[in-house]
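> Structure of the sequence below:
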Amino acid sequence: MTEHQARAAAAVLAEGLRDLRTLAARLDPPARVTVPAGPRAELLAALADRLGVPLAIGPAAPDGDSGVFERIIGERLGPALGRPGLDGLADDPTEITGIADRVTAASFDRFRTPLDAVAPDGARLPVYTAGDPAAPAVLIASACGMPAELCSRWLELLGDEYRVVTWETRGLFTDEPDFDKLAWDTEAQAGDIFTVMDHLGIRTAHLLGFCGGSVIALAAAGRGPERIDSLSLWHGAYELGPGSPKLDHHRNIQALMAMAAEDRETAAAVHAVFLGTMLGSTPPDLAHLVLYPFATPELFFRYCRLNGAITDIDVNPLLAGVDHPTLVVTSEDDTTANPLGSAEVARRLPNATLSVEPTGDHISLFKLGGRLGELARGFLREHPGGRAASR
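All right, here's what the predicted structure looks like:
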């Protein structure tokens with residue numbers, strides 16, 4: 001095993017750790033990673049410390065039991081910890097610092113702006129950007145409560161032609177002094193779009209809405225129509241009043257979130273049930289991101305407050321007056337959001353185009369499955385826009 005191969009093996013481990021940082025930072029007590037005492041445990045501890053990933057590293061717990069998130073973290077790190085060549089680096093602090101810093105520089109962290117945007121009520125919004133600041137702007141209103149890193153492939157895809165921007169949901173990713181003093185309704189979340197635009201000096205933009213972000217995008221288009229050039233709404237879950245087309249999964253999720261949003265005690269009581277529901281539909285390679293809002297009962301309570309406000313709102317009033325060029329995308333087999341809801345939204349918007357893909361869901365959306373990238377690029381080229389704010 002050469003030194004180069006040893007460094008490469010350590011870099012793979014560091015990449016796994018960096019991927020877990022957002023989730024691990026929320027777990028209390030820190031997740032246990034079972035590694036026998038020795039050079040590999042020392043290397044893991046040194047890299048975790050340098051990357052700011054809180055972990056409890058050592059032998060298995062006496063009872064042999066591990067929680068959901070410990071299993072997720074263990075499965076994420078397991079292949080990297082099993083690679084040959086990891087021994088012998090732990091006693092070289094300079095080497096470890098270099099590996100960790102190189103991994104950080106190439107990670108999704110490179111897209112984060114130095115300062116968060118701050119909403120009028122004090123909510124801090126972590127902001128991520130890619131592309132030329134002078135290029136037309138594309139904003140991604142992503143799924144409520146999901147880490148921005150889920151949008152990484154979109155930033156990389158569109159960043160060569162556009163200034164691509166996304167942000168993370170208020171109250172879920174920063175240490176807010178008092179979440180209960182922040183607004184959490186749809187109106188506040190739509191306002192965050194303009195907070196982010198003003199923060200970056202963006203006058204107008206194309207707005208992509210992913211999942212529940214589609215509802216936020218519609219609300220923003222009605223609130224500030226002159227600042228939105230065009231819209232695309234991807235796999236939206238819409239409440240369209242009595243008889244609204246919904247799948248059983250959507251109804252069940254709504255019911256659980258409504259219960260959990262009532263108070264923290266109820267959220268803690270149904271937390272495990274909701275987590276079990278999500279585990280069954282989350283691919284292992286994205287579990288550390290998709291399950292972030294369920295890491296603790298407190299995060300789960302906040303998520304249900306914020307996401308419930310989106311899934312429960314009647315979008316009929318939001319559709320009125322939205323005449324922007326709009327692409328509505330769904331699939332024939334989405335098992336989370338009923339495709340008929342997207343079809344109805346497209347029918348009601350006067351300047352909308354509906355695209356029903358043969359297959360796809362919320363996960364394939366973030367993985368840029370099928371021809372989604374081609375659809376997005378094609379629509380953006382037909383409807384160019386996005387300007388910097390006048391100085």
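> May I have the secondary structure class of the nearest residue to R227 once chain neighbours are set aside?
Distances taken as C-beta to C-beta, 6 or more residues apart in numbering put T204 closest to R227, at 5.2 Å, once the chain neighbours are dropped. No exception for glycine: its C-beta is placed from N, CA and C like everyone else's. Three-state call for T204 (DSSP: H, G, I helix; E, B strand; the rest coil): strand.
> quick one, what contacts T204?
By C-beta atoms under 8 Å, 6 or more residues apart in numbering, the contact list for T204 reads A137, E226, R227, I228, D229, G385, G386, R387.
> correct me, but the third one touches G191?
So that's R227. No: contact criterion C-beta atoms under 8 Å: R227 and G191 do not qualify, at 11.8 Å.
> higher neighbour count, those two?
G191 (22 against 19; other C-beta atoms under 10 Å).
> Skip the chain neighbours and tell me the closest residue to the more buried one.
Nearest one to G191, counting by C-beta to C-beta, 6+ apart, is A119 at 6.6 Å.
> Can you give me the distance of the one you found to F301?
20 Å (C-beta to C-beta, to the nearest Å).
> hang on, the earlier thing: and for the residue nearest to G191, the neighbour number?
Neighbours of A119 using other C-beta under 10 Å come to 20.
> Ok, the one 10 residues further on next?
The tally of other residues near T129 (other C-beta under 10 Å) stands at 20.
> One more: R110?
Residues near R110, counting by other C-beta under 10 Å: 11.
> do the one 4 residues further on as well
Other residues near P114 come to 5 when the count uses other C-beta under 10 Å.
> quick one: it and T97, what's the gap?
22 Å.
> what does E3 give?
Counting by C-beta to C-beta, the gap from E3 to T97 is 16 Å.
> With P39 instead?
Distance from P39 to T97, by C-beta to C-beta: 17 Å.
> so L172 sits right up against R305, yeah?
No: using C-beta under 8 Å, L172 is not in contact with R305, being 9.9 Å away.
> quick revisit: buried ones from the contacts of T204, can you make that a PyMOL selection?
Filtering these down to the buried ones (16 or more other C-beta atoms under 10 Å) takes a single PyMOL command:
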select buried, resi 137+227+228+229+385+386
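> domains for the protein, by residue range?
Domain assignment for the chain by automatic domain parsing gives 3-106, 119-388.
> Out of the ones you listed, which one sits most buried?
When the domains of the chain are scored by mean count of other C-beta atoms under 10 Å, the highest mean neighbour count falls to domain 119-388 (a mean of 19).
> what about it, distance to the chain center?
9 Å (C-alpha atoms, centre = their mean, to the nearest Å).
> Now it: average pLDDT?
The average pLDDT for domain 119-388 rounds to 92.
> Strands along this structure, start to end?
31-34, 55-58, 117-118, 124-125, 127-130, 137-141, 163-167, 202-210, 228-234, 326-331, 352-357, 387-388 (DSSP state E).
> partners of the fourth one, with directions?
Read that as strand 124-125. strand 117-118 (antiparallel) (DSSP bridges).
> ok, residues contacting the strand it pairs with?
R124, L125, V127, W167, D192, T195, V196, D198, H199, L200.
> got TSV for those residues, with distance to P79 too?
Output for the contacts of strand 117-118, formatted as TSV (distance: C-beta to C-beta, whole Å):
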residue	distance to P79
R124	35
L125	34
V127	32
W167	32
D192	37
T195	40
V196	36
D198	43
H199	39
L200	38
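> Give the other helices and strands that the helix ranked longest in the chain contacts.
What stands out as the longest helix in the chain, according to DSSP state H, is helix 3-24. Packing partners of helix 3-24 (3 or more C-beta pairs under 8 Å, 6 or more residues apart in numbering; DSSP states H and E): helix 39-51, helix 68-81, helix 93-106, helix 287-290.
> Those: which one's closest to W154?
With C-beta to C-beta as the measure, helix 287-290 is the member of the helices and strands packed on helix 3-24 nearest W154 (13.8 Å).
> could you dump that closest one to CSV, C-alpha only?
Extracted in CSV, the C-alpha atoms of helix 287-290 (Å, rounded to 0.1, in the frame of the first residue of the first chain):
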residue,chain,number,x,y,z
ALA,A,287,-30.9,8.7,4.5
HIS,A,288,-28.4,11.0,6.3
LEU,A,289,-30.0,14.0,4.4
VAL,A,290,-33.7,13.0,4.0
